[in-house]
Structures are given as structure tokens and as C-alpha cells.
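dropping the sequence and predicted coords here.
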Amino acid sequence: CVHCSSASGHFVFFIIYATRSLIIQIHQFILQEDLNKKMLDGLLEFVKKSAASFWCRDDDWMSRMRASEIPTAALVLGVNMPDHTITFESMTELLHDSLTPFVASVQAKECTAMKQLMQKVLQRLMGTNVMVDEDEAEADLGFHTRDCPQKRVNCSLSALCDWYQSATKKSPVKSPRKRLSSSQSEFLQSPPVVVIFRDLEAFSPQVLQDFILVCSQYVHQLPLVFIFGIATSPSTIQRMLPHSVSSLLCIELFQSLSCTQHLATIIDKLFLTSKFHFKFSAKVLQVLVGIFLYHDFSVCNFIKGLQLSLLEHFHSQPLSVLCCHKQEALVHAQQLNDRDVERIQQLPSFMRYVEEQVPEEQVQLLTSSEHVKGVCQKLLKSLHKYHKNFYPALRCLHVLTSILPKYPLGKQIRELYVLCLEKKVWETQEYDSAMQLIRMLAKDELVTCLQKCVEILTFCKSKKLKKVGQQLQDITATCEKLDSKKIPTDSRKMMCTWLTACFVKSVVFCTQFPRTHLYPPESQPLYEVWYYSSSGTVRRHLNATPRTSIQTALSHPYCYLQNEALKNDSGIISSAAPDICIIYKLHLECGRLINLYDWLEAYATVATAAEGKDPSAIEGGKVDELKHARFIRAVSELEFLGFVKSTKQKTDHVARLTWGGC
Amino acid sequence: MSPAKRAAEVSGLYVRFVGDAEVLEHIVERREGAKVPKGSVQKLLALKEDQGPQECEGSVGEQDYLDALGTGATAGEEDGGGGGGGSSGPGGSAVFTFQTAKRSHKMAQMASEMARAPGRTVTFCSPGSPEAAGSPSRGSRGAAGETRTPPKGRKVRFVSSTPHRLRKRLAAPNLRSESDSDLSPSHSEDEEDDDEEEREEKEELREAELTTPSKVAAAALYRTPAKKPKKGLEPSLVEEYFTAHASSKVTTSDRTLQKLQTPKLDQETLARLLDGKPSSYADEINQLNKEHEKFFSKWMLQLQLGFNVLLYGLGSKKPLLERFRTSRLLGVTHLVVNGFFPSITLKSILNSITVEVLEHQGSFRSPVEQMDFIMKSLRQDPSLQVYLVIHNIDGPMLRSEKTQQALGQLASLTNVHVLASIDHINAPLVWDQAKLSLFNWLWYETTTYLPYAEETSYENSLLVQQSGALALSSLTHVLRSLTPNARGIFRLLAEFQLESRDNPSYSGLSFQEFYQRCREAFLVNSDVTLRTQLTEFRDHKLIRTKKGADSVEYLLIPVDPATLTDFLEKEDAQ
């Protein structure tokens, strides 16, 4: 029955997890759109403008000057290409919904030659139209008919032009437009044709040049707009396209947010808030940020790490059922079964809490499960409260310290956050130096900072913090009042003392404030319910080192096989180790080439010794068959793993493929 | 890492006051010493210590990174519930190092060292090792079972002198390699010496154990004891690198497998010999595999949530995946791909998906089109869940960029779930950032220590021993189905090739000459007949033709002389 309940319990966790990952995804999409909204809006505006100029250009002198120029938007998106997919998808959707049904997006790897590029563009432009216009029955066949050679024959831009003319004439209202005003009716007549090059750097320059040259010939009949996705820098365009070609483009640059800013926003929205209850411990956050900064700059991978740890947390910590909104958590706490109560009692943070109580209370906490549940509810409430205070306090501290020279507490808020998660921040050296620097700040700088803090504090929900905010506002107000008044010479001295008093007050605020609110979460009872701390698991699953693992297994078999015979601490492994370990160890002693015969002989010596016989008894050429076979297998396995390969340089030799002693 | 260990390490390092020059010396030796592996935990520590002085002018970021990963690693140790205990192995410096010069006959020396203490380890106790610090049981467990002098002497003799044994060891290889270069098969003379030497060495070894920490001992092997000024530090490393790379000359001995009584074992014998033999650590290996099986439900969950699972680690993972398949995937649509199979292609994988899974009867013009079709059909039917179990996704035939791209696209579909394994040490290089994001892997370390029985059983993955045997059997098989004349022609070529096997510049028999000889032996009557015959040989890969510099065709049997001799003997016997 125990098993049964745990299974159903897991199911509950699974459901919670599923909803949560959904929340994350939604969050993620909102963030993504928010972040790139500026860029996308600009882009949309650009496409609209260029399409408009396509129509009114007959009378405009400027337009006539650029008659054969193709409007081009260059999007600088950052180096992590896989992340761009989402951006492009939302962009295509946006264009499709609000401007034009004619959007074709191409990737470099599907277009290695001009013909293929043309084919893809045409297929995507006309194909979508086919699907919209034709009946359901024909749409089913669409997959086959579209590819039939008949269509492929007239795979040219003039065909596209003809098709465009007929398409715009035939169905001016049919294409999916939602919120277009009457002023844009001209547009309805001829929506622009947008071609998106997702990864410009990967395209072959020749293909691109040809395509642009051809397109520029048709720019009068076809309102073409290009969008280049660029990973590195805008100068790529100059490098790939000679002047004669790039002069045919009218390029406007759009810059997306850098990925570090993106990450900062995500951390800000998902972690530095009391709304979202799942938290990382300092180490897990460090590992994930480390992977981000040192490996891939991929926000998607960061999110993947978040999802993984969420899953691990809910899978491994049964009490994570309490990791949800306050009301829900209280209900869950009331419904805990005896095993869960036991688990709570075993939590280190809870045990610490118990130790702090008076003896009678301790007995109660250890014996009565009802009492534990009650206390648990109380503690959960205080945990929620703690977090409500923690984040505004953290932000205030960051505001104060992020203007200091050399950033003793970190430039990014995530660095300060990690510091606060790890230990009592006010006990660190960095904090001391930061406070010293704050004392040296100019008055107006300090006042602006304090005002920012006031803003943060007044917006937060906690009453306690609001009160602090009020006090702080008083201080800043006094400071300003003093500043604005004309100070008569005689009372200057008095003013000075007032100012000093204010100053001292504000500095005292800065030093005292964190002490009350920025206790590390470990100090809170039941923090394990919210915090996921197994950084090793996350690292192993996301940033694995297969080669190290293989080499450890080969050189230190005891790490995996807990047999006393294998136990040792020095470099030389036991002769009783598995064959492949011995073979591996022997091959390390060789140079570039390994003589198979010597290797076999050496192995036979060891293997004979392992059997308890005298190794010197073997004579040259007499290796027993079994040992020979074991040798062959172990060597083939090493070859399979990529440590050696057969070579023809010398008879009966293999080449070593790795270097290094141990 | 327990504080006790750390304390031991520290106390081992800071016994006495050291001057700057000595510190430098120490660093160098430590680095050398890092080649002598210690416990994996200590390795991490050692890495950090080494990095400290070296990188003082280096970037702070790197240090941060090391620290960050380091903390991760130790954390991994702490919660080490996962893959069978400690997963953090030797640090990067141990795995990726430069080539260093190797003295010949080091392997034999190593073997004899290992053999000297059967069933237990030859101990080179380092002062920092926890064993040496506090395990009285060690001495009694040892086969030698000698009582030790109390380890007082250690500190005193720390730098006193290079132990006698080391000098001996330095001298020993020369002696052996001399005997080796004579190619004398008998070692009778040496053996007596060796015995004596061994006994002596044993004693020395014991002494060394007590007196010298292994790191210094190992370092002393490589370098002269002369002190070097600071400048000398870098060049010596550089020099070492270049001496290792300078000569392309191979310094191995010239002995070949021909010296064995049974130089070749064929596949069957091999299988027969290995079949009955139980592994020496069957219990532990079983235990390890049981541990991995606990992940099954987690894998299933993660697969369903859109992750794909990748297994790595030493040992065949095929049985594990098979167990997963039989226990979890029986009710659902799944496809098993044997990536290690030498003739697997992307086309065959895609075909089995379209035919078996999607039950589509048409054919496709290109893999791209087929991929498109599969993607489209699977997207249209989200209720169809397909599990792909790929043994060795890094298999030689699947390594190409296109194949991996296609597999990645499949894996990125929400209703395709991939469970794969890798074995090659450089396997992760197959994927770039884009592919990794398609695959969305979760890495699992599953070290099984099971033999790669099936994976290595295919022709290409075997060494000379088997390829010879296989070539021989294929030779006889093909030739048996030919006419006597054809056999004669082949025999002629084989004999000629054997005659000129000592000629290193032999590139084959020219067609004209071959024709001449065949005519003389009344085997053919026109060169057309010979050409037809040769085409047949070529089709069966019995011969290879090469155009020489004078644009004359040369014919060669791509089989080593030993096999060829065997073949001719067999033919004669019939």
C-alpha cells in the first residue's frame, strides 16, 4: 500500500510539475515577445513603410532615386542560433497576421544553390496560397502536386510575378488580415512579399548575390522586402556582398536585446519575485549561469535547466507538494499524511527549528503529527512573508551597490542574489568595503539611490517594508529641502549638522536594512520545500563529461565497482582489475605506436599474476588461448572507444589516439 | 570531501618552511606529479592548487569558472546518489594532455610492477592519501605482509636523496632495450638478473613507500635532480613537448604476433573462449546495473516531457536499453536502431519509420523528401507516440552531419522520444550547438562494465587478428566457387606477391607481366579472358588494381603475407 500511495503521490507531483512548466513556458513566451517587442514593432513599421513607398513612388523624386533598391531589414540577433527560432516564428506570425500573407523564410542549409533557393522561396510563397485558396480535397493532395515537375519548370521570378498579380487581384479580401484600418486599403491591394534569410552568415555569397541581382530586376512589379538574420555583426553584409550588390539594398539595422540582458530579465521575472515559489540554491544558479556564460549563451538552454531542476525537485522531494501558492499550500499542509509529517520532522531546517524551541514544545513537535501540521502551516506563512520582504530588500541593496566603483557586490543583481543566498551578506568583506564606499558617495548620488529605494519599497506589499520606505522618504525629503533652500551664512553650520544627521541616518539605514531582511534562505525552517539544491545533478545532466567518465572508469575502477581488491589510491591499479582497465593502463605507457605482441605479453604477465601463478613462468610465444581471447576483446573494446586504431605503418602495431599519462 | 582528507593534504604540504626557489621546484614537480594519478577527489584539489600560482596573471573569469564548476563537482560528490557513486573523475588536465616522450619497454616494466603484487595494489603511498594517514589494516592486508617502520622517517628523508631504486629503474630499461634490439627471443639471461633485481626492487619499493612520496618519486624519473632557475621552467616543458614530437621514428620493438603459437583466433573460437568465462566482478557489475535500472521510470517521465535521454559511460549499454525496452516500451510503438552495425544507413532508418510505423507504401525520391513526409505525418497525428531506441548514435555510419541533422529533426518532434547511447570518447563532437538544441539531451552516466560483445563483433571493429582470419575464410570461400583456371590465376598472383614480400617498393604485378605468366602457364589464351577473370576477382574484393606512375595497371592482393601463406598451404593440402 505504501508503494501505491507513493505512486499516486508522484502522480500528483507530476501534475503540479506539468502545470508549472506550462507556466514557465507561458512566462517565457511573454518575456520573449516583450523583449523583442521593440525590435518587432520597428520591423513591422519598416515593412509597412517600404510597402507604402512601393506604391507612391511614381511622383516622389527620392523614391525614384532608389527605384531599384530592395528594402532590407538586418536583424542582429546574437550568436546563439538555436534561440532564434522562436524569434523568427513569432515574427513570421506577426507579419502574417497584420501585414501580408506572403512570407517565405529560408535557411542556408536548404539552399546550397541558386535553383534551390528560388525553388524554396517560390514554394513557400505560392504553397501557402495554394493551401488557402483550394478546397480541402485538393489541399490533401497538395503535398504531391506542389512538387510535381510541371510546377518546377517555371521556377522563376517572372512566374512569381504573374502569380502575385493574379493572387492579389483574385483575392483582395480573402487573405488573413485582422486589424487593418481603411487607410491601409492600398496595402490590401498589394501586400509586400517578405523573404526572410534566417542565417545570413551560412549562405553562400554567390547564391545570395545572384538572388539579389535577379530580384532587383523585378522590384518594380513585386514589392519585395528582405529580412536578414545576422548572428555576428552587421559588417557581415559588407563582407559577403560586393558593393555592386549591396548598393541594390536599402538596409536598415535592427538590434535585438543581448542574450545577457535576456537572461537578466528572466532571472528578474522568475526568481526575484515572491509570486513564483520554486527557487534555486546558490550553487544550482551558479551552475546554470556558468553554463550560460561559458558554454552557449542560450536562454533556451537556461530554461531547459530550469525545467529539469523543477522536474527533479518535484520528483525527488515529496514535500514539494507544499511548494505552491499560500492558500493551496496551507490546504496541502493540512492533508499531509503520516509519512510526510515524518519527512518534515527529518528536514534539517525543521530540526534546527525544533532545537530552538522550549523543551515542552520540542516534545510536542516530535510526537504529535497534528501539532506538526499546525506549526508547518505557521512556518509556511512565515516563509511566504520572508520572501515578500527578501526581494524588495535585495533590489534596494542592489540599487545602492551597483553604482559603486568596481562593484564590490557585483554589477548584476544575480551576483548579489547568489551572494545573499550563500551566506549572511553583511558578514562578508565585500559588504564592508561596499559600505565604506557608500559613505564616500556624493550627497546627490546617495539621494537619488535612496529615492529609487523608496520607489521599490512603496510598491511592495509588505507593511513592514512600506514603513521603512516611509522613513526613508522622510530622510530624502529633508535632504532635498535643505538643498533647495537658500542657506544663509550664519545658519550654515546648523545646516551642516542637519545634513550630517540625515547622512548618518541614511547610511545607518543602508547598513541595518539588509540585516533584518536578507537572511539566507537556509536560515528559514522548511526552506527545502521551495529550494532545489542538487547542483551536481543538474550539471551532470546538462553539462556532462563523457570522456572523463570513461577514463575514470578505466583508470579507477573502484569508483564504480566497490570491491576491496580494486581499492587503491595510487596510480597503479590492481592486477585483478577488469581486463580493459589493465589493457588501458598498459597502453598509457606507450608512445605513438603500440606493438601488439609486447602488449599481449605484458597483459599475459599481469593476468598470470592475477591468477596467482608466477608470471616469470611464461615463455615467449606461449600465451594461453583464453588470455589471448580476453586480450583481443579488450583491445577491440579500446578501439571501439576510440583510444587506439589499427595502422599499417608497422606490422602488428596499433596507433594510439590519445595523449596523457594517466 | 571530508575535512580530514583536506587536513591531511594540507599538513603534507606545509611541513616545513620553504623558500621561493623551492616553491617553484615544488610546482614543477607537482605538475609532473599530476601525471601519477591519485584518487579522483584529490585530483580535483591538485588541479586547483596547480592553477593558483600559474594563473595569477591570467584571467579572473577562468578562475571563476573553474571555481564554479569545482563547487558543482564537489556538490556532485556530496549528493552522489546518481551513477554509482563518485562521478567526478580526473580533471581536464589529466584527460587532455600533450604527448610526452615515452621510453621503450615501459609497458613491460609496468606489467611486471603490476604483476608483482597479485590481487592487490602496488602501493605508492602519497602522504596526502587518506589510506596512509589512518588505515592500520593496510599493512596486514598486503600480500607482502611486512611490518613497517613507523612513518617517522618520511619527513626527514623527504628531500634527502633520490632513492636507490629509482636510479636502478632509470638504468634498467636501457639494459632491457639492448637485449630487445638484438631481437633475441630468449630472456634467460635477463631473467635471472631480473629475479635478483626484482627482489632487490621489492625491498627498495618498501623503502620508497616509507621515504618518498610518490609524486616526487615519479617526478624524479623524468628529470635530472639539478635545480633549475625560474627561466628554465618553461623551456623544459616546451622541450619535452618537442622531443616527443620531433622524431617520427617508431621506437617500439620489432616483434610480431607471428611469434605466438596461435597468432590468429577466429571469431568463433573467440566467442567460444569468452562465452563461458564469468566476469570477475559479476556481483558488483550486477549491482551497478541494478542501480541504473532505478532510473527507468524517471527516463520514461522525462521522455514524455519532451527531453531525450542520452547514456554514456564505459561498458555496453545495449543490455540496459534492452531491459528498458522490454519493461517499459512493450505496449507502445518503438523502433530499435543498432547504430554500431557497419551497414546501417539513414535511409534504412527512415524506411522503417515510414513503412513500419506510418504504414506508408510509396517510395521517395530523396531522404529530404522522406523526412518531410515523416515530419508532416507525425505532426498531423499527435496521438502517435514513437520511441526511438538508438544503440550507439555515434556509430561510424551515423556520424555524418546529414544523418545527425535528420535524427535531430526527428528528435525535436514532440511525439518522437529518443533514447540513445554513446561510447566513443569523442562522440559529443558530432553535435554542434544547433543539433544539441534539436536533440534536447539529458545526459545520464551509466557505466556498466559489460563487454561490448555485439558492438565489436563486426568485421571492421576488429584488429589484425580477426581481419586476417576473416579474409582467409572469405578467400577460400570465394575461390572454391571458381573454375580451376581462375584459381590458378589467383595462385600465380599470390605466389608472386609472396616472393617479393621482402621488397619494400613492391607495388604489385603489372598487367602485362601477369598476362605473360598466365599464358606461359596455359591459364588464359587472350588478355580479354584474363580481364574478365580479374573483374570477377575485383568484384569479390580479392584483388586491388593501382595505376602506377607509368600509367601501367598493377595488381595486388590486399591481404597480409601471413594470411596468404596460410591460404596457399590450405590450397596445397586439398
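Yep, it's here.

which parts of the stretch 251-400 of chain A are helices?
Using DSSP state H, counting those that start in this stretch, the helices of the stretch 251-400 of chain A run over A:259-270, A:282-291, A:299-316, A:326-334, A:338-346, A:348-356, A:359-367, A:369-401.

low pLDDT regions in the stretch 101-250 of chain A?
Across the stretch 101-250 of chain A, the ranges flagged by pLDDT under 70 are A:128-154, A:170-189.

and the helices in it?
For the stretch 101-250 of chain A, helices defined by DSSP H, counting those that start in this stretch occupy the ranges A:114-133, A:136-146, A:149-153, A:157-170, A:185-189, A:205-217, A:235-240, A:243-246.

now the stretch 201-350 of chain B
B:214-222, B:230-246, B:267-275, B:282-293, B:296-304, B:318-328, B:346-352.

so what touches the last one?
This points to helix B:346-352. B:335, B:337, B:367, B:370-371, B:374, B:398, B:402-403, B:406-407 (Cβ atoms under 8 Å, 6 or more residues apart in numbering or on different chains). From N, CA and C alone the C-beta is placed, and that goes for glycine too.

and for the fifth one?
Counting by Cβ under 8 Å, 6+ apart, helix B:296-304 makes contact with A:14, A:311, A:315, B:309, B:324, B:327-328, B:387, B:417, B:419, B:442, B:444, all of which sit outside it.

tell me what angle that helix forms with helix B:282-293.
Helix B:296-304 and helix B:282-293 are oriented at 40 degrees to each other (axes from the mean of the first three to the mean of the last three Cα atoms, to 10 degrees).

pLDDT on helix B:296-304, on average?
For helix B:296-304, the per-residue pLDDT values average out at 88.

circling back to that earlier point, how about a markdown table for the helices of the stretch 251-400 of chain A, with mean pLDDT and distance to chain B added?
Formatted as a markdown table, the helices of the stretch 251-400 of chain A follow (pLDDT from 0 to 100; distance: least, Cβ to the nearest Cβ, whole Å):
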| stretch | mean pLDDT | distance to chain B |
| --- | --- | --- |
| helix A:259-270 | 85 | 13 |
| helix A:282-291 | 93 | 4 |
| helix A:299-316 | 85 | 6 |
| helix A:326-334 | 84 | 21 |
| helix A:338-346 | 87 | 16 |
| helix A:348-356 | 90 | 13 |
| helix A:359-367 | 87 | 27 |
| helix A:369-401 | 89 | 19 |
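
most packed of these?
Burial of the helices of the stretch 251-400 of chain A is given as mean neighbour count (mean count of other Cβ atoms under 10 Å in any protein chain shown); helix A:282-291 ranks first at a mean of 24.

send the alpha carbons of that one over as PDB?
The C-alpha coordinates for helix A:282-291 follow below in PDB (Å, rounded to 0.1, in the frame of the first residue of the first chain):
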ATOM      1  CA  ALA A 282      23.100  29.400  -4.900                       C
ATOM      2  CA  LYS A 283      25.100  26.600  -6.400                       C
ATOM      3  CA  VAL A 284      22.400  25.500  -8.800                       C
ATOM      4  CA  LEU A 285      22.000  29.000 -10.000                       C
ATOM      5  CA  GLN A 286      25.800  29.300 -10.400                       C
ATOM      6  CA  VAL A 287      26.000  26.100 -12.400                       C
ATOM      7  CA  LEU A 288      23.200  27.200 -14.800                       C
ATOM      8  CA  VAL A 289      24.600  30.700 -15.200                       C
ATOM      9  CA  GLY A 290      28.000  29.200 -15.700                       C
ATOM     10  CA  ILE A 291      26.800  27.000 -18.400                       C
END
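
who are the packing partners of that helix?
Secondary-structure packing of helix A:282-291 (3 or more Cβ pairs under 8 Å, 6 or more residues apart in numbering or on different chains; DSSP states H and E): helix A:299-316, helix A:413-422, helix A:535-542, helix B:60-79.

could you check the angle helix A:535-542 makes with the following helix or strand past the third one?
On the C-terminal side of helix A:535-542, the nearest following helix or strand under DSSP states H and E is helix A:546-555. Orientation check (the same axes, to 10 degrees): helix A:546-555 against helix A:535-542 gives 110 degrees.

ok, helix A:546-555 near chain B or not?
Yes: Helix A:546-555 is in contact with chain B by Cβ under 8 Å from any Cβ of the partner chain, via A:546-555.

now that helix: how far from the chain's centre is it?
Remark: helix A:546-555 is offset 29 Å from the chain centroid, using Cα atoms, centre = their mean, to the nearest Å.

following that helix, which helix or strand comes up?
Immediately after helix A:546-555, counting by DSSP H and E, sits helix A:579-587.

alpha carbons only: can I get that following helix in CSV?
The C-alpha coordinates for helix A:579-587 follow below in CSV (Å, rounded to 0.1, in the frame of the first residue of the first chain):
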residue,chain,number,x,y,z
ASP,A,579,40.8,-6.7,-18.4
ILE,A,580,40.0,-3.5,-20.2
CYS,A,581,41.4,-1.5,-17.3
ILE,A,582,44.7,-3.4,-17.4
ILE,A,583,45.0,-3.1,-21.1
TYR,A,584,44.2,0.6,-20.9
LYS,A,585,46.8,1.1,-18.1
LEU,A,586,49.4,-0.7,-20.1
HIS,A,587,48.7,1.3,-23.3
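
neighbours around residue B:572, how many?
Counted with other Cβ atoms under 10 Å in any protein chain shown, the neighbours of residue B:572 add up to 8.

work out for me the element it sits within.
Counting by DSSP H and E, residue B:572 is part of helix B:561-573.

go through that helix and flag the buried ones.
B:562-564, B:566-567 (16 or more other Cβ atoms under 10 Å in any protein chain shown).

can you name every helix or strand that it contacts?
helix B:464-480, helix B:484-499.

circling back to that earlier point, closest to residue A:430 out of the contacts of helix B:296-304?
residue A:311 (34.5 Å; Cβ to Cβ).

give me the distance between the closest one and residue B:386.
22 Å (Cβ to Cβ, to the nearest Å).

residue B:274 contacts residue A:627, correct?
No: using Cβ atoms under 8 Å, residue B:274 and residue A:627 do not qualify as a contacting pair, with a distance of 11.1 Å.

neighbour-wise, which of those two wins?
A direct count of neighbours by other Cβ under 10 Å for residue B:274 and residue A:627 places residue A:627 higher, at 19 against 15.

show me which residues of the helix or strand harbouring that one are buried.
Using DSSP H and E, residue A:627 sits within helix A:625-641. Within helix A:625-641, the residues that count as buried by 16+ other Cβ under 10 Å are A:627-641.

repeat for stretch B:533-550
In stretch B:533-550, counting by 16+ other Cβ under 10 Å, buried: B:533-534, B:537, B:542-543.

can you list contacts of that stretch?
Residues from elsewhere that reach stretch B:533-550, judged by Cβ under 8 Å, 6+ apart: B:475, B:478-479, B:482, B:485-486, B:489-490, B:493, B:507-508, B:510, B:524, B:553-558.

so among those residues, which ones count as buried?
Of the contacts of stretch B:533-550, these count as buried by 16+ other Cβ under 10 Å: B:475, B:478-479, B:482, B:486, B:489-490, B:493, B:508, B:524, B:553-555, B:557.

mind checking pLDDT for the residue of the stretch 51-200 of chain A found nearest chain B?
Residue of the stretch 51-200 of chain A nearest chain B, by Cβ to the nearest Cβ: residue A:82 (3.5 Å). Looking at residue A:82, its pLDDT stands at 82.

show me what contacts residue B:408?
By Cβ under 8 Å, 6+ apart, the residues touching residue B:408 are B:431, B:435, B:438-439.

which single one of those residues is nearest to chain A?
Among the contacts of residue B:408, residue B:438 lies closest to chain A (Cβ to the nearest Cβ), at 7.7 Å.

picking up where we left off before, residue A:449: which of the residues of helix A:546-555 next to chain B is nearest?
Using Cβ to Cβ, the residues of helix A:546-555 next to chain B come closest to residue A:449 at residue A:548, 46.7 Å.

thanks a lot, catch you later.
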